[in-house]
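Colleague: Pasting the sequence and the predicted model now:
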Amino acid sequence: MSDMKPTLPISIVALLVVAFLQVPVLVVVLTSFSETSYLTIPPQGWTLKWFAEVLSDPVYLRAIRNSLILAVSSTLLSLVLGVAAAYALFRKAIPGAEAITALLMAPLIVPSVVIGVAMLQYVTLVGLRGSFLVLIVAHVVITVPYILRSALASLSGLDVSVEEAARVLGADGFTAFRLVTLPLIKPGLVAGALFAFVTSMENVPVTIFLASARQTTLPILIFSSVEMGVNPGVAAISTLLIVATVIVLLLAERWTGFHKFV
Amino acid sequence: MTGQRSAWLLIAPLLLVLLLSFVVPLVLLLPTSFQEYQPGQGMVAGSFTWENYLRIATDGYYREVVLRTLALGLGVTVLCLLTGYPVAYLIVRGHPRWRLPLTLLVIFPLMLNLVVRSFGWIVLLTNRGVVNNLLIDLGLIERPLKLMFNMTGLLIGLTHIYLPFMVLMLVAALQNVPRDVEAAAATLGSSRTHVFWSVTLPLTAPGIIGGSILVFVLTISALVTPRMLGGPTYQVMATLIYDEYMQLLDWPSGSALSFALAASTLVIIWISSRMTKRWAGMA
């Protein structure tokens, strides 16, 4: 009887590949504790000085702050705009809903670097170069497809009659949405918002063309400091990001069963 | 009906944002790509030329960068497919208890900052990096291998970056394979290997195509990893666009290259969606 279970060699290859996926992460974490000013494995001695150095460096602190402000505000804005649009598209009251959806998802297809240079020329033309608001709007453009996709998917799995029942019982449209529909699609929205947040947090190709020196974000800072050469400070800040990612991923998995939404 | 009006009110804000900060910028970039560029003076106002596009096909350097980008896309796609299939297979067909941890281990690198992942590969692949030190310590090589600033480094790094996408697409495809079709083939006397090659693999073709298109398109548009692992000398299309805008300030040439890159991704996605539709019609 062949039950098509993976054979031992297949399983071993698969586990090696999964291990390969974790290798750069482990290497970064290990090197960030090394006492040497160059990166080495195994680390020479154990120290936390690179973490202290990075966390007391005003340049890094400002970049972290910029990244967080940018990611939080663009995710929230995407969430509001995206859920409203998805709700309207879902009710299909709009002619050409399919074409509109395609347009709203287009930023996923057009290469980010192209969006970046197009926006650079545009903001130079209209004289808004260096505005933080421009940066937020640019991040809304690249994050909103994730919100839209998860909101549409969650809404399509919804029983329309539940909201109608609320309407019959006297709730107005917004109240019915807020008290009935919103809680039902919340897990999907949390997953979408998490994707949006991560996308904003790691974006280089759009941000690098628009951010002024004072608006530098964390990924831009790491990206450009690597061109000068690698140092344990970058490894330390990377380790902090890795730890944050692990925590967020595990929390999201507990709250929403995150892996189902990927 | 009031339904239609309120629906437009709900969707209008997002549409406006997309039009003003995505569609209009892209449309305005088009005339730039037909302008002449004079080094030191910038764009020549009112000029019109096909030169920026012609150069991509005729100039030796540009052609090399374009071909390298496409070769990279192809290489990364094949590597992701070969390494991703066993992982997806283990996730779907392996012990159910392994399923969640394995899935999370595949998603985790995907959620991790791209810059951090690329930085990890620099630590591993530089001249005095982890891989070279290990090989020298083991006595396998005497002088460090050149693993960065060339095709090897980009293939390794980008395969690592886009492998999770491929695995997730293949997992979805494998879950859709009806088990009784495989069982039927097995009952009729097919060996395990034969069932896999003649039933399982063809039935996962949509996932294979979808995953390959996704990885290919992402690879040819990638900027961060190619720049971090390839440096300023080993260019691909995205890094060349970046340099033409930020270093050379040759915007006409950079925008022509941008449209060439965007057009190739759109054409590939369009062809693949037509292919899948045709396949779905045949089945």
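Modeller: Perfect, I can see it now.

Colleague: low-scoring stretches of the chain, by residue?
Modeller: Since no chain was named, I'll use chain A. Applying pLDDT under 70 to chain A flags the ranges A:1-3, A:37-41, A:92.

Colleague: try again with chain B
Modeller: The model of chain B has pLDDT under 70 over residues B:1-2, B:280-283.

Colleague: For it, just list every one of the strands.
Modeller: With DSSP state E, the ranges of strands along chain B come out as B:37-38, B:42-43.

Colleague: Quick check: which of those is nearest to A:D57?
Modeller: Go through the strands of chain B one by one with CB to CB and the one that ends up closest to A:D57 is strand B:42-43, at 37.1 Å. The way it works is simple: take the backbone N, C-alpha and C, and place the C-beta from them, glycine included.

Colleague: Parallel or antiparallel, which strands does that closest one pair with?
Modeller: Strand pairing for strand B:42-43, using DSSP bridges, gives strand B:37-38 (antiparallel).

Colleague: one step back: dump the strands of chain B into JSON lines; add mean neighbour count as well.
Modeller: Rendered in JSON lines, the data for the strands of chain B read as follows (neighbours: other CB atoms under 10 Å in any protein chain shown):
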{"stretch": "strand B:37-38", "mean neighbour count": "16"}
{"stretch": "strand B:42-43", "mean neighbour count": "15"}
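
Colleague: Rebuild those strands as TSV, extending it with distance to B:M111.
Modeller: Output for the strands of chain B, formatted as TSV (distance: least, CB to CB, whole Å):
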stretch	distance to B:M111
strand B:37-38	41
strand B:42-43	41
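
Colleague: out of these, nearest to B:P202?
Modeller: Here strand B:37-38 is closest among those (CB to CB), at 50.8 Å.

Colleague: and the closest one, how far out from the chain's middle?
Modeller: Distance of strand B:37-38 from the chain centroid (CA atoms, centre = their mean, to the nearest Å) equals 32 Å.

Colleague: Can you tell me the element A:G82 falls in?
Modeller: In this structure, A:G82 is located in helix A:58-90 according to DSSP states H and E.

Colleague: That helix near chain B at all?
Modeller: Yes. With CB under 8 Å from any CB of the partner chain as the criterion, chain B is reached by helix A:58-90 at A:L81, A:G82, A:A84, A:A85, A:Y87, A:A88, A:L89.

Colleague: try stretch A:242-261
Modeller: Yes. With CB under 8 Å from any CB as the measure, stretch A:242-261 is seen reaching chain B through A:I242, A:T245, A:V246, A:V248, A:L249, A:E253, A:F258, A:H259.

Colleague: Filter those down to the buried ones.
Modeller: In these, burial by neighbour count holds for A:I242, A:T245, A:L249, A:E253, A:F258, A:H259, counting by 16 or more other CB atoms under 10 Å in any protein chain shown.

Colleague: For those residues, which two are the farthest from each other?
Modeller: Using CB to CB, these reach their maximum pairwise distance at A:I242 and A:H259, which is 18.8 Å.

Colleague: and the residue in chain A that chain B sits nearest to, helix, strand or coil?
Modeller: For chain A and chain B, the shortest gap (CB to the nearest CB) falls at A:P24, measuring 2.5 Å. Judged by DSSP: H, G, I helix; E, B strand; the rest coil, the three-state class of A:P24 is helix.

Colleague: How about the one 4 residues further on?
Modeller: Per three-state DSSP, the secondary structure class of A:V28 is helix.

Colleague: give me the number of residues near it?
Modeller: Under the neighbour criterion other CB atoms under 10 Å in any protein chain shown, A:V28 is assigned a count of 27.

Colleague: I'd say it and B:F119 touch.
Modeller: Yes. A:V28 lies in contact with B:F119 (CB atoms under 8 Å); the separation is 6.5 Å.

Colleague: Which neighbours do these two have in common?
Modeller: A:A235, A:S238 (CB atoms under 8 Å, 6 or more residues apart in numbering or on different chains).

Colleague: Chain B contacts on the stretch 151-262 of chain A?
Modeller: A:173, A:194, A:198, A:201-202, A:204-205, A:208-209, A:218-219, A:222-223, A:226-227, A:230, A:234-235, A:238, A:241-242, A:245-246, A:248-249, A:253, A:258-259, A:262.

Colleague: Give the ChimeraX command for selecting the buried subset of those residues.
Modeller: Buried residues within those, as defined by 16+ other CB under 10 Å, are selected in ChimeraX through the command that follows:
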select /A:194,198,201,202,204,205,208,209,218,219,222,223,226,230,234,235,238,241,242,245,249,253,258,259,262
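
Colleague: What's the local residue count around A:A93?
Modeller: There are 18 residues near A:A93, going by other CB under 10 Å.

Colleague: Can you give me the neighbour number for residue 16?
Modeller: I went with chain A, as the question did not name one. 13.

Colleague: actually it's chain B I care about, not the one you picked
Modeller: For B:L16, the number of neighbouring residues by other CB under 10 Å comes to 11.

Colleague: The one 10 residues further on now?
Modeller: Applying other CB under 10 Å, we find 20 residues neighbouring B:L26.
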